[in-house]
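Chemist: A structural model of the following input is requested.
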Amino acid sequence: METRVFGKTQMEVSVLGFGGAEIGFQGVSYADAAQMLNLALDSGINVIDTAECYVNSEDLIGKAIGHRRKDYYLFTKCGHKENYTVDGWEYDDIVKSIDKSLKNLKTDYLDLVQLHSCSKDILAKGEVIKALQEAKQAGKTRFIGYSGDSSDALYAIKTGAFDTLQTSCNIADQECIDLTIPEAIKLNMGIIAKRPIANAAFTYKTMPDNDYHKPYYERLQELKYDFINGNPSLSAQIALRFTLTVSGICTAIVGTTKAARFQQNIEAVSHGKLDDATFKSIRDHWLKMASKTWVGQV
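Modeler: Numbers count the residues shown, from 1 in each chain. Model prediction:
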């Protein structure tokens, strides 16, 4: 699988990463999670991204592939707790979250710890950044990053404190391409794309019940891309390759509950970047059709 240099970290990361949210929030069994995680590693994927608040995602990952720790880079996030229902932005919250992640993931170090959708007001207080920097100095994590979008992400970048940025980037969410990614590139930050296939919102025939998917469904109804034409596999392939063609993006994190679907994503990235004409047509269409209210989705 293709790899790219992950900004100033200099890690060679696979262009496709495994996102751990779904296996936690969707109650995936240990057997199914282990199958997908080992499939990912066996296919050349070396990025595993999760968060302490993704229910039991970290625990599943630690049990399933903790013994293969040398085969992958391990990214997690902090700042929320109790399954994403409670904020945890005090200094002690961050420290405890990192220590819990190390235990859950059965490792003595993390490759990257990210603040999870932290507001610029909280960032400005300095406590959360201090906690991450001290964790880095203590060897608990090799690098520190920010995961988020829009003006909060721009503020985080401009602090100069972070090694990496994780942000929403896809065919239905392109604010970052103009607002934050160019600034992150200037600082040689490693850039991770989350939601790279727009939550597969193009597979729904009617408005989804899941609030996480609704904004992209609504946007796609207005965008009416010509490649979303009833073939979900092809649509997903083009969508994923679009994201990976965006300048500066090093890896795209995809989560799923089905090994077969993850195998499709592996096959999709094997086709490489989109050609210049196709990429430009999607970008031009977005710039023509997108509402100014369509900000990055947290």
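Chemist: In what element of secondary structure is Tyr225 found?
Modeler: Under the criterion DSSP states H and E, no helix or strand holds Tyr225.
Chemist: separation between it and Ala239?
Modeler: Using C-beta to C-beta, to the nearest Å, Tyr225 is found at 9 Å from Ala239. From N, CA and C alone the C-beta is placed, and that goes for glycine too.
Chemist: One more: Val128?
Modeler: In terms of C-beta to C-beta, Val128 sits 33 Å off from Ala239.
Chemist: swap in Gly296?
Modeler: For Gly296, the distance to Ala239 - C-beta to C-beta - is 16 Å.
Chemist: ok, now Leu165?
Modeler: For Leu165 relative to Ala239 (C-beta to C-beta), the value is 20 Å.
Chemist: Show me which of Gly296 and Ala239 is the more surrounded one.
Modeler: Ala239 (26 against 22; other C-beta atoms under 10 Å).
Chemist: ok now do the more buried one, which residues does it touch?
Modeler: 170-171, 196-198, 202 (C-beta atoms under 8 Å, 6 or more residues apart in numbering).
Chemist: Quick check: of these, which lies closest to Leu102?
Modeler: Pro196 (27.5 Å; C-beta to C-beta).
Chemist: Help me confirm that that closest one comes into contact with Leu240.
Modeler: Yes: the pair Pro196 / Leu240 is scored as a contact, 5.5 Å apart, by C-beta atoms under 8 Å.
Chemist: Please identify every residue contacting each of the two.
Modeler: 252, 254.
Chemist: Specify which residue of the two has the higher count of neighbours.
Modeler: Pro196 (30 against 26).
Chemist: And that one, how far from Leu74?
Modeler: Taking C-beta to C-beta, one finds Pro196 at 20 Å from Leu74.
Chemist: what about Lys125, neighbour count?
Modeler: With other C-beta under 10 Å as criterion, Lys125 counts 12.
Chemist: if I pick Asp152, what's in contact with it?
Modeler: Counting by C-beta under 8 Å, 6+ apart, Asp152 has contacts 117-120, 123.
Chemist: The same query, at a cut-off of 10 Å, please.
Modeler: 115, 117-123, 146, 180, 296, 298 (C-beta atoms under 10 Å, 6 or more residues apart in numbering).
Chemist: what's the answer for Val298, then?
Modeler: Under the contact definition (C-beta under 10 Å, 6+ apart), the residues listed for Val298 are 116-117, 119, 147-150, 152-153, 167-168, 194.
Chemist: From the residues you listed, list the buried ones, please.
Modeler: By neighbour count, with 16 or more other C-beta atoms under 10 Å, these hold 116-117, 119, 147-150, 152-153, 167-168, 194 as buried.
Chemist: Show me the two of those residues that sit farthest apart.
Modeler: Ser119 and Lys194 (17.5 Å).
Chemist: Which of the buried ones among the contacts of Val298 sits closest to Asp284?
Modeler: Once C-beta to C-beta is applied, the member of these that ends up nearest Asp284 is Ser168, at 20.2 Å.
Chemist: Would you quantify the distance from that closest one to Asn104?
Modeler: 25 Å.
Chemist: Downstream of the lowest-mean-pLDDT helix or strand in the chain, the next helix or strand is which one?
Modeler: Least confident helix or strand of the chain, by mean pLDDT, DSSP states H and E, is strand 80-81 with a mean of 74. Under the assignment DSSP H and E, the closest C-terminal helix or strand after strand 80-81 is strand 86-87.
Chemist: can you tell me the average pLDDT over that following strand?
Modeler: Averaging pLDDT along strand 86-87 yields 76.
Chemist: Appreciated, that's everything.
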